[in-house]
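Q: for reference, the sequence and a predicted model appear below.
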Amino acid sequence: MVIDKKCSTILLKIIEKEEPITVKALSESLNVSERAVRYNFNKLDDWLKSKALDTLVRIPGKGITIHEAQKKTVQSLLNNIDEYAYVNSSEERKKIISLKFLDSKEPITIKEMEQDLLISKNTLIKELKSLKIWFHDRGVELVSKPRVGYFLKGEENRKRTAVKELMTQIYEKDKAIDMIKIINGKGSVDNGLSKELKSLFQDIDINYIEACVKHVENLLEKEFIYNSYINLITHIAIAIKRLKDNQEIKMDGSNLNRIKTFVEYHVADKLAKKLEMKFKIRIPEDEVGYIAMHLVGTKIYKDLNHQYESEPISELTWGLIENFEKEYGIVLRNKANLAKNLILHLRPAIYRLKFGVQIHNPILMEIKIKYKDIFLTLKNAVRRIEEQFDIKANDDEIGYLAMHFGSALQLQENHEGRKINVLVICGSGVGTAKLLEAQLRIKFPQINVVDTISSLNRSKYLHQDINFIISTIYIEDERIPTIVVSPLLNIEDCRLIQKTLHITQREKRNDVDDTVIEIMNAITNHSKVENYEQLQNEITYILKNRDRTTNKHKGGKPMLRDLLTKDTVILNAEATDWENAVYIGGEILLNKGHIEKRYIHNMISKIKEIGPFVVIAPGVALPHARPEEGVKELSMSLMTLKEPVNFGNKDNDPVKLVITLAAIDNETHLKALSQLMGVLCHSENITNIINAVKEEEVLKIIEAYSK
């Protein structure tokens, strides 16, 4: 009766459990479908019958098990399955052959392999051709000599790396537990591979090596992550095996001298002395250096003495986060926690790459799919580290970094039903900031605008539940992540908000949304739109507020044409600098009695104190201050300059159009301001206003948007 690997693995999973195991649990453990698991039950029943044993016990609602009295018998049968009754797959055969090469001191003949594997010569030659490529990719050559046999040729460190990779492939699932069981002869996954692993590690006390690794953790005041802990045990076991066979590793002299400066080398030296006494071997200096390299490159779970945080790696970590934010176009929250995890990962990763210690990332393909953008961004973001340490980060290492950043972004994601509390800030807290608030509410319903304030008043919100600040000016505040956007909230700003807050723009359409789409289609049929998204946003705002905003003659909010009239528009004014330009624009309102003189001085003071936040678009400035700083009546003036002036805004200077706003509160001016933004969204309008010779030309444009 023949039993294959899948059947024996299923049976092992069943007998290892004290309680019945479900078909679903078996399918998840083996990474196969439930149907495939059930298909093998009949085969197992037949095999058990052939051994005069009871068939599988099926308990409805609980799962599959086997009689307790039979478990030891079944375990023994699986450990000693006759090779004639076991069918190895092609991949299993390749692993068995590879382990034979790595374990053998002498060349192996075709005939020996045929007898061991019970396969034809043609099948064996086909497997060997495939293996030749596999070893070549790892820097090892599979050589054949007539009448001598096959053997491996290459550097010792590459051969050992191949052994570890094979073991990783064999035991990808629960590899650590299975490996230790097999090496100590206490378990079996399949006959062929178990036999080779037992042969490879015979006479090596794994429990002693594990105790040594725990001692190393104590000396270094570190806790290794589980997989790294097991991989280190594996590395030491392989080293002992190869040294027993007089296969020593040779290390580059410069690397050896460098590694001797690390505390890990002194710990490795102490470890080597313990291993020499236990296994009656001599561990040369190069081998000690190689063990030290692996200690330096071992992934850390905890740095108990916080050593890494005081090393230069901390500064590099923050630099990587900053580069990632810049490349990805996002502002990360809770960066301190991300930095802490990255510091533990980066130092070992850098020295793994520096010393050529390979690490396998078993879920690299999944990472590249799930975190595609993050992975590609990090390829660019790590360049500073690569240059500083003269290394090249491989995909496996970048994949692990992507997992850290991916986790940070997932924590930042917007969950359904959760509102993100945002504080909107501009220089004065009125004017463009209120329009920005309106745009945020329309475009991103997940955002809860807590308040719209001046940058000077933000301190009173520091102890409130504020997730983000969205500001039209740069703010230095490490406590709350800040997103700097244009007052006009352009496409790039919206993308930045989406990425940073992990939210999407409103998708649900209503009557207003449908009307906006119809209007936009009509506009684009007859004209070229410079900023499609901004125009659409402004139209949406106007339509959504049309029932609540009326002409000031009806006691409501005034339109743009009511504020910008022939009396408040001046063309080709002469200004000596930006301060003079703000003064002249304010003087128009002062002469009409709409503001006090101190309002002009307050506008100028704000720009000096905060910076050129009033320059809202290329060539356009919108000076304003708080209502309580000298405003008598809602008003606005428009002024073009004969010669442009610089406000100090490198992106939007020089300014040739100055529109002065004096608001009496946070609401009354919004309709007129919204209409003004509609004007400014078209660069053609700005050009036409700046080039206007008569006031009527400007007023005609204003009228077109005052509806």
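A: Arrived safely. Residues are numbered from 1 along each chain as shown.
Q: dump the strand ranked longest in the chain to CSV, restricted to CA.
A: In the chain, ranked by residue count with DSSP state E as the criterion, the top strand is strand 635-645. Coordinates of each C-alpha in strand 635-645 appear next as CSV, following Å, rounded to 0.1, in the frame of the first residue of the first chain:
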residue,chain,number,x,y,z
SER,A,635,-15.4,95.2,2.6
MET,A,636,-12.9,94.3,-0.1
SER,A,637,-10.5,96.2,-2.5
LEU,A,638,-8.7,95.1,-5.7
MET,A,639,-5.5,96.6,-6.9
THR,A,640,-3.1,95.8,-9.8
LEU,A,641,0.5,97.0,-9.6
LYS,A,642,2.4,98.8,-12.2
GLU,A,643,5.5,97.0,-11.1
PRO,A,644,5.3,93.6,-9.3
VAL,A,645,6.7,93.2,-5.7
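Q: pull up the pairing partners for it, direction included.
A: Within its sheet, strand 635-645 is paired with strand 569-573 (parallel), strand 655-662 (antiparallel), according to DSSP bridges.
Q: reformat these as CSV; add distance to Asn448 and mean neighbour count.
A: (C-beta placed from N, C-alpha, C; glycine too.) Below are those laid out as CSV (distance: least, C-beta to C-beta, whole Å; neighbours: other C-beta atoms under 10 Å):
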stretch, distance to Asn448, mean neighbour count
strand 569-573, 39, 18
strand 655-662, 26, 25
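Q: nearest to Lys153, of the ones you listed?
A: Proximity to Lys153 (C-beta to C-beta) singles out strand 655-662 among those, at 73.6 Å.
Q: tilt between whichever helix or strand comes after the closest one and strand 655-662?
A: Counting by DSSP states H and E, the element after strand 655-662 in chain order, helix or strand, is helix 670-680. Here helix 670-680 runs at 170 degrees with respect to strand 655-662, directions being taken by axes from the mean of the first three to the mean of the last three C-alpha atoms, to 10 degrees.
Q: for the protein, longest helix please?
A: Within the chain, and with DSSP state H defining each element, the longest helix by residue count is helix 335-355.
Q: figure out which of the strands paired with strand 635-645 is closest to Leu332.
A: When these are ranked by proximity to Leu332, the top entry is strand 655-662, at 34.3 Å, counting by C-beta to C-beta.
Q: output the below-cut-off pLDDT ranges for the stretch 301-450 of the chain.
A: Low-confidence regions of the stretch 301-450 of the chain, defined here as pLDDT under 70, cover residues 301-311, 362, 411-418, 427-435.
Q: an error on my part: the question was meant for the stretch 101-250 of the chain.
A: Using pLDDT under 70, the stretch 101-250 of the chain drops low at 118, 167-202, 226-227.
Q: tell me where the stretch 401-550 of the chain has strands.
A: Secondary structure of the stretch 401-550 of the chain (DSSP state E, counting those that start in this stretch): strands at 420-426, 447-454, 468-471, 482-484.
Q: same list (those strands) but as TSV, adding distance to Val263 and mean neighbour count.
A: Converted to TSV, the strands of the stretch 401-550 of the chain look like this (distance: least, C-beta to C-beta, whole Å; neighbours: other C-beta under 10 Å):
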stretch	distance to Val263	mean neighbour count
strand 420-426	45	23
strand 447-454	49	19
strand 468-471	42	23
strand 482-484	40	17
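Q: got a markdown table for these, with distance to Pro558 too?
A: Shown next, in a markdown table, are the strands of the stretch 401-550 of the chain (distance: least, C-beta to C-beta, whole Å):
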| stretch | distance to Pro558 |
| --- | --- |
| strand 420-426 | 21 |
| strand 447-454 | 20 |
| strand 468-471 | 27 |
| strand 482-484 | 31 |
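Q: ok now the helix or strand where Leu219 lies, how far from the chain's centre?
A: Secondary-structure element containing Leu219, defined by DSSP H and E: helix 206-220. Relative to the centre of its chain, helix 206-220 is centred 33 Å away, using C-alpha atoms, centre = their mean, to the nearest Å.
Q: each with direction, which strands does the next helix-or-strand element following it pair with?
A: Reading on from helix 206-220 to the C-terminus, the next helix or strand found by DSSP H and E is strand 222-224. On the basis of DSSP bridges, the sheet neighbours of strand 222-224 come out as strand 300-303 (antiparallel).
Q: appreciated, that's everything.
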